[in-house]
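Student: what's the 3D shape of this:
(2 chains)
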Amino acid sequence: MAESTYWNRFWRRRISRRAVLGAGAVGALGAASAAVLGCGGGNGNGNGNGNGGPNGIGTPVAGGNVTEGRLINALGIDPHIDLTGLDVDALMYAYLYSWNRFTEERVMNNLATNLETPDERTFLFTIRPDVVAWPKGPAAGEALTSTDCVESFKRRGTAITAPDKRFPQRIEKYETPDDTTFNFYMSRTFVPAAREMANPTWAIVPAKVLDKYPNLSQIAFGNGPFMLKEFRGSERIVLERHPDYFLKPRPWLDTSTYIVITESSSLLAAFRGGQHDINGAVLTKTTAQEFIDDAKYKVSQAPSLFYPVIHMKMRDPWRDIRVREAMDLAINRKEIIDVIQDGEGNYNGPIQWPQVKWALPQQEVRDFYPHDPEKAKALLKEAGHPQITTKVKYPEVPGAPIIADIAVLIKSQLEKVGINLELDAVELGAFIGNTLLPGNFDLAFFPNLPYDEPDRPLSFYHSKGVTGTGNWTNYTNPELDKLIDAQSEEFDEAKRIDIVQRAQRMILPEHGPQITLTGGIAYFARWAHVNLGPADNDLETPVPGAVYGPAGADIWTDKR
Amino acid sequence: MRNYILRRLLILIPIMLGVSFLTFAMFRMIPGDAAVLRCQLGCTPEVLNDLRHEMGLDRPWYQQYGDWLWDVGHGDLGKSLTESRLPVTTELDRRLPITGELLVMTMIMALLLGIPPGVISAIRPGTPLDWLARLGSVLWLSIPSFWLGILVIAFGVSWFNWTPPQFGRGYVPFMDDPWVNLQQFFFPSLVLALAIAAAIMRLTRSSLLEVLGNDYIRTAWSKGLRERTVVMRHALKNALIPVLTIVGLQVGALIGGSVIIESVFNLNGVGKYVLEAILRRDFFVVQSVVLLFAVAFVTANLVVDILYGWLDPRIRYG
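Tutor: Next up, the predicted model:
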């Protein structure tokens, strides 16, 4: 790998004071959804909107409690296995480093102080000697070592239900020359690994804890800024300050509490009533407006990485590219932004627009997706399908009426050109199990998951699909497969960007098998007494650049 | 009487078997399973198979059902198939007091809000009080309880800056803090009780009107008895028999309503538990809770049958 590449520069950069101090407030904002979204944005020195006082870090005050509302139950808190409690895991465990999803850069503010990559398959970490486990449990007060890293990596890579194992399956060998050196070697290059390791599922758990507790679903003995005090994942989770956290005097809070309220209107009512300090639900601009207008609250915003998509089964009539193009032309993306996303948002290409580094330029995407119903009608006629009646399946997700709203809007747009959709709302479990995975659909509409790395979004167009066993749309394009494979092994960032963009430019004229639509802005509200530290940003233009750090360590509150 | 109760309890066994088998069969017909929902989109067929094997979902249906039944017979209701792997009995221990309190309070409120207005309405037909009671009953029967619940919360916040205490601190047992506990349950119970109270009120009114027209009531009047004595001692007891039947049957509606109201008011009871379990295809939880609900329903109606004899001594249990 060339010395001058982006990766080398960033991977070897020294820890900046700002990065160390930068709280992972962003990660703490907004229950599981926000944790996935990584809300925030801005870098703490924006212009504010005048509703939350001077915008800045302020002087942190130790003590107090901050309560956050959660919309979903935390079924388990085993960081390597469970997905519903990842935001809580992030507060309880150490990670090798953090990740800024906007700039897509590693932030060396956690367990590792340095990372060397002599070649693309070798990772040599130097780890801090002063990150210690909580003063309770099998490893009480002991410093994390390279052995803990190895055991955690192995467990994360081999558990049946652990998500996405492509990275760990390529790890060939581990080395622990001493307690503070952790090395591993990969059999094949896999660039997304850089992002993976900062994912909350890659927690470093003391080996002694793993030995004694094979199941960490309902208990925890970690080393992060907060310790588990009470866990009732469907009701209440209480964390207390880790007194020996390596960034002492952080964390500032004495306790951090989650209250689970699974009914979205009740969650919002409880927030308004002051029952919790951070509203865990993602708000639209309309619902956030009352909080923006009220000085008692602060509101943050960030581009949403959830992106609505339509999947087409590659059989008649969708096998015909003219039909697919007609569908693209019939969809009025601007109307979706205006009606559904309160006028805020952008067009998504194969990679969603907030991934600025990898996405195609917005103007290029907008130019590619004109709204032209007349041309759409002509194409359908030419293809011998002037009228199409088909069923579109979409998931019914409690608390997410926006899915049905978009489906209804698309139906009305498409019927103007002769594509008549029968909307078929399918319960989420049935949608995944019986519709999507077996490819049992003609058209399927759903909000795709938030990705902040280009590999996964592109895999929906790969012949092997996102599961690696076959594309559920039956789409195959060997030339595209080569590009998608190549980007996952290209460490030179400039070259990788070029490959990713070439792949997208190959996908666009195919008009499928996944049609992407638009992406909006998500809003997050909290009471004004909650300060997020350096990531405190109020309402700013959602320019990428938020500081990411050990989640929750820098949150503090004025309220006593 | 003892024989009657014993017979009814024995009948419980085939009912339970039937209910559990029907639940099992219907749950198997719903597309998707717990393994798929844990795996989500990136699941390979191999991982899915491993997961199904680990959960025991790859066994023949009769073996799954038989094993579950055997365990239930030995007091083991199984473990959740979700990440938590918590035993169902552990969760029920936590949640039964919540649902139990909700149901008891609701039934008390429904009786208090249903019977007195029904009686007043019947003994003062055509008066403004009668019209008011009838109007109220139509209103409460027409409004869905979940919507009313959301209104209570929304107006509570907007007008009084008040939300139920469980939104901030979770469930507080009565023995820990009676005042907070009552605050937690008052509105959910009230919301759930109104529709049931309306039905009880209407039935009490019509039933009492009918009884008040009987010869023995005319006799009581002619003896010069006071209105209170005629109504309370002679008429109401007989009029309450059909009301009691409805109360027993309403237990089913109450259990169904608790599923929604517990979600709206964030009470982590059994209703919310089973709703979430259905969405996650958590077989053991759904199966066990439905069984529990069936036992509660049958038992409530057994109690009603026994009460018939107390209300009307002419009723004999053969």
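Student: so what's the residue count around residue A:316?
Tutor: 13 (other Cβ atoms under 10 Å in any protein chain shown). Using the backbone N, CA and C atoms, a C-beta is placed for each residue, glycine as well.
Student: that one and residue A:381, how far apart?
Tutor: In this view, residue A:316 and residue A:381 are 16 Å apart by Cβ to Cβ, to the nearest Å.
Student: mind checking how far the host helix or strand of residue A:500 is from the chain centre?
Tutor: Using DSSP states H and E, residue A:500 sits in helix A:493-507. Distance, stretch centre to chain centre, for helix A:493-507: 21 Å (Cα atoms, centre = their mean, to the nearest Å).
Student: kindly report the same for stretch A:493-509.
Tutor: In terms of Cα atoms, centre = their mean, the centre of stretch A:493-509 is set 21 Å apart from its chain centre.
Student: coming back round to it: mind giving me the packing neighbours of the helix holding residue A:500?
Tutor: helix A:6-11, helix A:455-459, helix A:478-487 (3 or more Cβ pairs under 8 Å, 6 or more residues apart in numbering or on different chains; DSSP states H and E).
Student: which of the helices or strands spans residue A:430?
Tutor: With DSSP H and E as the test, residue A:430 turns up in helix A:428-430.
Student: ok, residues contacting that helix?
Tutor: Outside helix A:428-430, the residues that touch it by Cβ atoms under 8 Å, 6 or more residues apart in numbering or on different chains are A:395, A:396, A:397, B:30, B:31, B:32, B:33, B:36, B:37, B:279, B:280, B:281.
Student: what residues are up against the closest residue to the last one other than its chain neighbours?
Tutor: Right, residue B:281. Among residues not flanking residue B:281 along the chain, residue B:34 sits closest, at 4.4 Å (Cβ to Cβ, 6 or more residues apart in numbering or on different chains). Residues near residue B:34 by Cβ under 8 Å, 6+ apart: B:55, B:57, B:81, B:82, B:280, B:281, B:282, B:283.
Student: and the stretch 151-300 of chain A, which residues reach chain B?
Tutor: A:160-161, A:163-164, A:215, A:217-218, A:232-236, A:259-263, A:265-266, A:269-270, A:272-276 (Cβ under 8 Å from any Cβ of the partner chain).
Student: where does pLDDT dip in the chain?
Tutor: Assuming you mean chain A. A:1-58, A:101-102, A:399, A:534-550 (pLDDT under 70).
Student: you answered for a different chain; I wanted chain B.
Tutor: In chain B, residues with pLDDT under 70: B:40-42, B:316-318.
Student: all helices of it, in order?
Tutor: For chain B, helices defined by DSSP state H occupy the ranges B:2-29, B:34-39, B:45-55, B:61-73, B:88-123, B:128-142, B:145-160, B:166-169, B:178-212, B:215-222, B:227-228, B:236-264, B:270-279, B:283-311.
Student: would you mind giving those as JSON lines with distance to residue A:80 added?
Tutor: Formatted as JSON lines, the helices of chain B follow (distance: least, Cβ to Cβ, whole Å):
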{"stretch": "helix B:2-29", "distance to residue A:80": "30"}
{"stretch": "helix B:34-39", "distance to residue A:80": "14"}
{"stretch": "helix B:45-55", "distance to residue A:80": "15"}
{"stretch": "helix B:61-73", "distance to residue A:80": "28"}
{"stretch": "helix B:88-123", "distance to residue A:80": "23"}
{"stretch": "helix B:128-142", "distance to residue A:80": "51"}
{"stretch": "helix B:145-160", "distance to residue A:80": "38"}
{"stretch": "helix B:166-169", "distance to residue A:80": "31"}
{"stretch": "helix B:178-212", "distance to residue A:80": "36"}
{"stretch": "helix B:215-222", "distance to residue A:80": "75"}
{"stretch": "helix B:227-228", "distance to residue A:80": "71"}
{"stretch": "helix B:236-264", "distance to residue A:80": "31"}
{"stretch": "helix B:270-279", "distance to residue A:80": "23"}
{"stretch": "helix B:283-311", "distance to residue A:80": "24"}
